[in-house]
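1. Just need the structure, nothing else, for what follows:
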Amino acid sequence: MAPLDWLPTAIRERSRVRELEAGEALFRQGDKTFAIFEIERGRLRLIRNTVASHPVVLHTARAGELFAEAALFASTYQCDAVAAAASRVRIYPKRELLSAFRTDPVLGERFTALLAHEILALRAQLEERNIRSARERVLHHLALAAGPDERTMPLDGTLMDLAAEIGLTHEALYRTLAALEKEGAIRRTRSGIALRKVPRA
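-> Next up, the predicted model:
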């Protein structure tokens with residue numbers, strides 16, 4: 001089920017869909033907020049520009065994910081949202097959502113529960129970024145991002161995308177994956193990376 005499938009039909013009917021080409025921006029840091037978004041297809045990078053204008057990838061949002069939730073209570077977007085691949089995004093107008101939450105406490109509770117779940121996911125990401133060893137950080141990410149078999153992480157982007165997502169240079173990621181594959185800890189395929197065993201460091 002998509003994150004906002006539980007919204008009233010009237011709200012979903014007021015939403016609209018936007019198609020994005022790879023590299024196209026949905027919004028830019030500093031733009032006035034007008035909506036929150038749900039990815040129906042593709043993936044978008046959320047990028048924050050530092051004071052020195054250095055881009056930092058905060059998160060890569062994928063199909064089924066909701067993002068820019070803070071826009072409901074902020075005047076401007078705090079990052080860029082740029083399509084990493086051809087994508088389709090559903091746009092939920094801020095004004096309509098806030099009105100629905102104010103008039104229906106149950107909807108507000110459901111949205112709060114959704115945010116609580118995302119906070120837990122964010123904490124896991126912060127924990128990952130604090131792992132100093134590239135090897136341990138990669139293994140941690142593979143375990144967290146594993147699919148239904150609890151061993152294989154689907155790879156729907158490039159390794160450079162993955163490196164940016166976990167806060168490593170792509171060179172460091174390539175070296176780490178090569179070492180783990182040589183150790184027999186992982187197996188790489190065209191569609192993903194599978195954990196085989198975790199040898200002792």
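2. SS state for the closest residue in space to residue 33 that isn't next to it in sequence?
-> Nearest non-adjacent residue to residue 33, counting by C-beta to C-beta, 6 or more residues apart in numbering: residue 71, 3.8 Å away. Backbone N, C-alpha and C define where each C-beta goes, glycine included. Following DSSP: H, G, I helix; E, B strand; the rest coil, the label given to residue 71 is helix.
3. thought residue 71 was touching residue 93?
-> No. Here residue 71 lies out of contact with residue 93, judged by C-beta atoms under 8 Å, at a distance of 10.5 Å.
4. one step back: check contacts around the residue nearest to residue 33.
-> Taking C-beta atoms under 8 Å, 6 or more residues apart in numbering, we find residue 71 in contact with 33, 34, 35, 36, 77, 94.
5. Narrow those residues to those that are buried.
-> For the contacts of residue 71, a burial check counting by 16 or more other C-beta atoms under 10 Å picks out 33, 35, 36, 77, 94.
6. For residue 111, state which of these is nearest.
-> Using C-beta to C-beta, residue 36 comes nearest to residue 111 of the buried ones among the contacts of residue 71, at 9.9 Å.
7. Which residues does that closest one form beta bridges with?
-> Taking DSSP bridges as the rule, residue 36 bridges to residue 92.
8. quick one: contacts for residue 30?
-> By C-beta under 8 Å, 6+ apart, the residues touching residue 30 are 76, 77.
9. what helix or strand is it on?
-> Secondary structure from DSSP states H and E places residue 30 outside every helix and strand.
10. Need the per-residue pLDDT for it.
-> Looking at residue 30, its pLDDT reads 95.
11. May I see the contacts of residue 71 arranged in a markdown table, with pLDDT and distance to residue 111 as well?
-> Below are the contacts of residue 71 laid out as a markdown table (pLDDT from 0 to 100; distance: C-beta to C-beta, whole Å):
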| residue | pLDDT | distance to residue 111 |
| --- | --- | --- |
| 33 | 98 | 16 |
| 34 | 97 | 18 |
| 35 | 97 | 14 |
| 36 | 96 | 10 |
| 77 | 97 | 19 |
| 94 | 95 | 13 |
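12. now those residues in a markdown table, with distance to residue 61?
-> As requested, the contacts of residue 71 are exported to a markdown table (distance: C-beta to C-beta, whole Å):
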| residue | distance to residue 61 |
| --- | --- |
| 33 | 16 |
| 34 | 18 |
| 35 | 14 |
| 36 | 11 |
| 77 | 14 |
| 94 | 18 |
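13. Kindly indicate which of the residues you listed lies nearest residue 161.
-> Nearest to residue 161 among the contacts of residue 71: residue 77, at 21.2 Å, using C-beta to C-beta.
14. Which residues are in contact with the closest one?
-> Listed by C-beta under 8 Å, 6+ apart, the contact set of residue 77 reads 27, 28, 29, 30, 31, 32, 33, 68, 71.
15. need the contact list for residue 181.
-> Residue 181 touches 187, 188, counting by C-beta under 8 Å, 6+ apart.
16. so it sits in a helix?
-> Yes. Counting by three-state DSSP, one finds residue 181 located in a helix.
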